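Novice: here is a sequence together with a model predicted from it:
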Amino acid sequence: MPIPIDRLIRSRRRSLALIVEHNGSLTVRAPLRTPDSQIHAFVESKAAWVARKQAEARAKYVPAKKYVEGEVFLYLGKSYPLRIVSSQRPALALEGSLRLSQNALPKAEATFTRWYKAQAAEVIGARVAHYANLYGFQYGRIRISSARTRWGSCSAKGTLSFTWRLIMAPLEVIDYVVVHELVHLKHRNHSRQFWGGVAAIIPTYKKHVRWLKTNGRLLTLDAK
Ligand SMILES: [Zn+2]
């Protein structure tokens with residue numbers, strides 16, 4: 001069976017290129033006048049490579065949330081099912097399950113994002129204060145970002161930023177990211193001294209680095 005081309009983009013380029021997208025679909029970029037037959041022959045000649053890349057992409061792909069009854073959402077490393085309930089305030093509440101007000105359904109993603117951000121500000125704020133008090137770190141303010149793969153950062157002025165997506169991770173992983181950024185207040189690099197500072201507070205930190213590498217892509221609501 002020939003490999004389906006999901007998107008063919010012609011432009012003023014010189015060569016053919018195959019791109020396997022994050023959801024496993026195949027995009028082909030082609031010069032303006034390359035005949036279709038030549039494009040298909042090229043794709044077929046790369047069939048094994050395309051199949052391998054598509055299998056890899058599909059295995060890693062996290063589909064966007066659909067906001068349907070029973071669908072699970074991560075919070076502090078645990079999965080909670082969604083229950084759609086008659087109108088309530090606040091629009092989203094965690095009571096064993098995540099209860100979403102029916103009238104918030106049309107803006108479910110925004111409602112979830114707002115809820116996650118509020119939880120992140122509270123929980124991460126408390127963890128930063130805890131470790132800063134315990135180990136004598138002086139920090140500026142805490143900012144909650146929407147970064148996708150940058151879990152935290154530390155500015156020259158001592159502002160600590162954390163993505164709200166972290167609140168989906170287990171608390172011990174959040175603690176590692178918090179300590180990582182606090183130690184940056186003293187070591188503004190990833191030197192041996194820096195990692196020594198992290199290990200002095202969280203001896204098992206490598207486990208959490210690995211957890212983020214493996215599971216970080218799950219900490220999302222959409223498929224981007
Ligand atoms: Zn760092």
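Specialist: Yep, it's here. Bear in mind that the values here come from a model prediction, so they are computed numbers and not experimental data.
Novice: helices of this structure, start to end?
Specialist: With helices called from DSSP state H, the chain shows them at 36-45, 47-60, 108-135, 171-184, 192-201, 205-215.
Novice: in terms of mean pLDDT, which of those helices ranks lowest?
Specialist: Lowest mean pLDDT within the helices of the chain: helix 47-60, a mean of 92.
Novice: need the contact list for the closest residue to residue 77 other than its chain neighbours.
Specialist: Spatial nearest neighbour of residue 77, chain neighbours left out: residue 170 (3.0 Å); criterion: Cβ to Cβ, 6 or more residues apart in numbering. Placement of C-beta: from N, CA and C, glycine included. Residues near residue 170 by Cβ atoms under 8 Å, 6 or more residues apart in numbering: 76, 77, 211.
Novice: now residue 217
Specialist: With Cβ under 8 Å, 6+ apart, residue 217 has these contacts: 60, 62.
Novice: now do residue 81
Specialist: 70, 71, 72, 73, 97, 98.
Novice: can you tell me which of those is closest to residue 91?
Specialist: Distances from residue 91 to the contacts of residue 81, taken as Cβ to Cβ, are shortest for residue 98 (11.0 Å).
Novice: for the chain, longest strand please?
Specialist: Criterion DSSP state E: the longest strand present in the chain is strand 78-85.
Novice: quick one: distance of it to the chain centre.
Specialist: Averaging C-alpha positions (Cα atoms, centre = their mean, to the nearest Å) puts strand 78-85 20 Å from its chain's average.
Novice: what about residue 46, how many residues nearby?
Specialist: 14 (other Cβ atoms under 10 Å).
Novice: give the contact list for it.
Specialist: Taking Cβ under 8 Å, 6+ apart as the contact definition, residue 46 lies against residue 18.
Novice: switch to 10 Å and redo it
Specialist: Counting by Cβ atoms under 10 Å, 6 or more residues apart in numbering, residue 46 touches 3, 16, 18, 26, 53.
Novice: so the second one makes contact with residue 35?
Specialist: No. In this structure, residue 16 sits apart from residue 35 without contact. The criterion is Cβ atoms under 10 Å, and the distance is 11.4 Å.
Novice: what residues are shared contacts of these two?
Specialist: Taking Cβ under 10 Å, 6+ apart as the contact criterion, the common neighbours of residue 16 and residue 35 are residue 41.
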